[in-house]
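Chemist: Here's a sequence, model it:
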Amino acid sequence: MNNAIVIIPTYNEQENITLILDTIISLPKDFDILIVDDNSPDGTAAIVKDLQKNYNTASATRLHLIQRAGKLGLGTAYIEGFHYAMEHHYDFILQMDADFSHNPKDLINLYLSCAEFGNDLSIGSRYASGVNVVNWPMGRVLLSFFASKYVQLVTGIPVHDTTAGFVCYRRKILETIPLDEIKFIGYAFQIEMKFLSWKYGFRLNEVPIIFTDRTRGQSKMSVGIFKEAFLGVIQMTIQSWFKKYIIA
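Modeler: Numbers count the residues shown, from 1 in each chain. The predicted structure is shown next:
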């Protein structure tokens with residue numbers, strides 16, 4: 001079994017799923033992959049099942065699949081994936097989108113940041129070295145950039161890209177954070193996980209990446225997602241003032 005697994009939540013990603021999986025499987029570092037599919041109407045899970053016949057052998061299971069009953073939220077998909085990864089004893093747990101907004105080749109740098117350079121959480125950062133975003137409208141770039149600045153200001157977290165969804169966790173983080181108490185289910189989930197990792201004293205590192213907006217399929221972004229993040233960050237920060245973060 002490999003020591004690292006990449007978790008990819010999917011909903012209607014049949015246009016991207018085969019190519020993203022082929023690309024990850026072909027990397028020089030061997031990563032196992034877990035697809036967490038929220039009952040995609042377009043048949044994404046069926047494609048993954050077919051691909052399992054090619055990728056999995058009697059001696060090694062490279063491609064794993066969790067099928068859920070419906071669209072239950074990004075955060076809950078990752079938490080279910082985290083539990084699966086820990087139950088299967090992976091040391092490094094990575095997460096990314098299925099739409100190529102995250103370049104699969106950057107998985108290696110995120111992994112090395114933790115496995116070789118001693119970081120506990122490595123973050124594929126759009127803003128660690130300027131603004132590295134391709135194909136986004138200027139309004140969305142500004143919204144994302146200033147959302148991260150807002151989170152930095154409110155929480156004090158020393159991370160430039162707090163909403164990034166392209167990360168690598170060392171197993172110890174996921175064993176320490178009470179995952180079933182995570183409150184957010186949308187993109188604010190990404191903020192909460194970084195915030196808690198920092199509060200527990202883990203070592204965070206940003207790895208510069210170039211983020212490219214999807215060219216196939218539809219974005220899952222909505223106004224409600226930003227509302228959850230804007231209001232939730234204040235609540236999360238205030239609650240943290242009355243809690244001790246101790247690693248058992």
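Chemist: three-state assignment of the residue of the chain positioned farthest from its centre?
Modeler: Here the centre of the chain is the reference, and by C-alpha atoms, centre = their mean the most remote residue is residue 58, at 29.1 Å. What DSSP: H, G, I helix; E, B strand; the rest coil gives for residue 58 is coil.
Chemist: Ok, residue 198 next?
Modeler: helix.
Chemist: what are the phi and psi values for the residue nearest to it when sequence neighbours are not counted?
Modeler: Leaving aside its chain neighbours, residue 198 sits nearest to residue 157 (5.2 Å; criterion: C-beta to C-beta, 6 or more residues apart in numbering). (Glycine included, C-beta is placed from N, CA and C.) Main-chain torsions, residue 157, degrees, to the nearest 10: phi -70, psi 130.
Chemist: do residue 36 as well
Modeler: phi -110, psi 100.
Chemist: which stretches of this structure form strands?
Modeler: 4-10, 32-37, 63-67, 92-95, 121-125, 133-134, 167-170, 204-208, 211-212 (DSSP state E).
Chemist: So what touches the fifth one?
Modeler: Residues outside strand 121-125 that contact it (C-beta atoms under 8 Å, 6 or more residues apart in numbering): 96, 102, 106, 109-111, 113-114, 159-161, 164, 166-170, 173, 194, 197, 202-209.
Chemist: Try it again at 6 Å.
Modeler: Contacts to strand 121-125, defined as C-beta atoms under 6 Å, 6 or more residues apart in numbering, come from residues 106, 110, 113-114, 160-161, 164, 166-169, 197, 202, 204-209.
Chemist: Quick one: work out the angle between it and strand 204-208.
Modeler: With axes from the mean of the first three to the mean of the last three C-alpha atoms, to 10 degrees defining the directions, strand 121-125 sits at 30 degrees from strand 204-208.
Chemist: neighbouring strands for strand 121-125, and are they parallel or not?
Modeler: As defined by DSSP bridges, the strand partners of strand 121-125 come to strand 167-170 (antiparallel), strand 204-208 (parallel).
Chemist: most tightly surrounded among those strands?
Modeler: Among the strands paired with strand 121-125, strand 167-170 has the highest mean neighbour count (mean count of other C-beta atoms under 10 Å), at a mean of 26.
Chemist: There's contact between residue 62 and residue 55 in this structure, I believe.
Modeler: Yes: between residue 62 and residue 55 a contact is recorded at 4.5 Å, counting by C-beta atoms under 6 Å.
Chemist: Compare these two (neighbour count), which wins?
Modeler: residue 62 (20 against 17; other C-beta atoms under 10 Å).
Chemist: can you pull the contacts of that one?
Modeler: 32, 55.
Chemist: let's see 10 Å
Modeler: For residue 62, the contact set (C-beta atoms under 10 Å, 6 or more residues apart in numbering) comprises 1-2, 5, 21, 24-25, 30-33, 51-52, 54-56.
Chemist: about what we covered before: can I get the strands paired with strand 121-125 in TSV including mean pLDDT and distance to residue 79?
Modeler: Converted to TSV, the strands paired with strand 121-125 look like this (pLDDT from 0 to 100; distance: least, C-beta to C-beta, whole Å):
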stretch	mean pLDDT	distance to residue 79
strand 167-170	98	12
strand 204-208	97	20
